[in-house]
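*Asks:* Using only what follows, build the 3D model:
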Amino acid sequence: MTAFAQVTAEQTHFIDGVAGKLRGFLSEQEDLMATVSPDVAPLIGSISSLVTGGKRLRALMCYWGWRGAGGRAEDPDIVTAGCALELFQAAALIHDDIIDRSDTRRGGPSVHKRFGQLHEMNGWALDSGRFGDAAAILTGDLCLSFSEESFTEIGPRAASGSPARRIFNVMRAEVMAGQYLDILEEVAGPVRDRAGSVDRAKSIIRYKSAKYSTEHPLALGGALAGAPDRLLESYSQFSLPLGEAFQMRDDVLGVFGDPETTGKPAGDDLREGKRTVLVGFAINQATASEADYLDRMLGNPDLGEAEVAEIRRIIVQCGALDATESLIAALSNQAFEALERLPLEEVPLKALSQLAEAAVSRAA
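*Replies:* Residues are numbered from 1 along each chain as shown. Next up is the predicted model:
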């Protein structure tokens, strides 16, 4: 069997295992919730819908970190770790969509929007939007709890004080800190020093997304398999710049992506007021009047097609898009150079190369 064929076979088997584990875990939780009240069924239903789709990037990074450190392909512990990461990501997405006032996720209504629609469909009293937000916050909190429960199920390898537990704990704390930096920049960015906007955006990317998308999952898999510190450090040299390039690509798609491909309305990131690296470059490189226009328009939920088109024009004309693409390319090169130095066997090395290529060159 070629390395490519083995990677495909292992990934398919692992993804199927994670999907099955998630179904079983959530089915048990659904039965437990039914003893509370049939009215709480939509909480589990929302989580189940969210974890059914997605690229499984974090779970796959964890798996190949495990395999690269000598972990067995058939070990159920790595499937459980993948399940915990998928549940954590789902919780982060639920809360992120509330914070960003995003109505869509993966081509369908976001969780808070689904609950709002449930309210309207049943003709309940009071405000449907407020109910949707509150119900989604509780769903996200429940999902966080499930993630912890799932990770703990691994046992001694994930016990308190273990390397894997430390990584899992740091990952969750950093995401919350990064999320706060993100919302802080949305409100404080317009009155802060514009010269520091790119550096602040890079910090947000690192802690809100890059570390938990690639660096921590890869290290988590390695730590669960007993990887030495030198291998974990090599993992980080590859996965951190990859995660940053991955998020910057996502930010470019948030402004210029095709809604049919991304599953989100065109310009949604602009309406949400995201102060990305792309936006940071634009504010620094545009004319003073154009930068003022960007500050006024970012975060306006009523941005129309004309305003979105004008913001895109400014971003392209001032060179911000080219600057962002250059940074993505530099980070990608850094990641692939580090990948070549990883002391791994052919199959995990091939798998990580494929994941990296998909992460930085994707259209959705």
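*Asks:* In the stretch 51-200 of the chain, what residue spans correspond to strands?
*Replies:* In the stretch 51-200 of the chain, the strands defined using DSSP state E, counting those that start in this stretch lie at 104-105, 108-109.
*Asks:* Packed most tightly, which of those would that be?
*Replies:* Among the strands of the stretch 51-200 of the chain, strand 104-105 has the highest mean neighbour count (mean count of other C-beta atoms under 10 Å), at a mean of 20. All C-beta atoms are positioned from the backbone trio N, CA, C, and that covers glycine.
*Asks:* Format the strands of the stretch 51-200 of the chain as TSV; extra columns: mean pLDDT and distance to Met176.
*Replies:* As requested, these are exported to TSV (pLDDT from 0 to 100; distance: least, C-beta to C-beta, whole Å):
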stretch	mean pLDDT	distance to Met176
strand 104-105	88	20
strand 108-109	90	25
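*Asks:* closest to Ser145 out of these?
*Replies:* Closest to Ser145 of those is strand 104-105 (C-beta to C-beta; 20.5 Å).
*Asks:* before we move on, the earlier item: looking at the strands of the stretch 51-200 of the chain, which is nearest to Glu186?
*Replies:* Closest of these to Glu186 is strand 104-105, at 19.3 Å (criterion: C-beta to C-beta).
*Asks:* Specify which residues of this protein, grouped into ranges, have pLDDT under the cut-off.
*Replies:* 263, 363-364 (pLDDT under 70).
*Asks:* helices and strands around the longest helix along it, which ones?
*Replies:* The single longest helix within the chain, with elements called by DSSP state H, is helix 3-34. Counting contacts by 3 or more C-beta pairs under 8 Å, 6 or more residues apart in numbering; DSSP states H and E, helix 3-34 is packed against helix 41-52, helix 57-68, helix 76-100, helix 128-152, helix 346-361.
*Asks:* now, of these, which is deepest in the fold?
*Replies:* Among these, helix 57-68 has the highest mean neighbour count (mean count of other C-beta under 10 Å), at a mean of 27.
*Asks:* Tell me what angle that helix forms with helix 3-34.
*Replies:* With axes from the mean of the first three to the mean of the last three C-alpha atoms, to 10 degrees applied, the angle from helix 57-68 to helix 3-34 works out at 120 degrees.
*Asks:* Okay, angle between helix 57-68 and helix 76-100 too, please.
*Replies:* Relative orientation of helix 57-68 versus helix 76-100 (the same axes, to 10 degrees): 150 degrees.
*Asks:* Which elements pack onto helix 57-68?
*Replies:* Helices and strands touching helix 57-68, by 3+ C-beta pairs under 8 Å, 6+ apart, are helix 3-34, helix 76-100, helix 216-224, helix 229-256, helix 346-361.
*Asks:* Mind checking those for the one nearest to Arg172?
*Replies:* Per C-beta to C-beta, nearest to Arg172 of the helices and strands packed on helix 57-68: helix 76-100, 6.7 Å.
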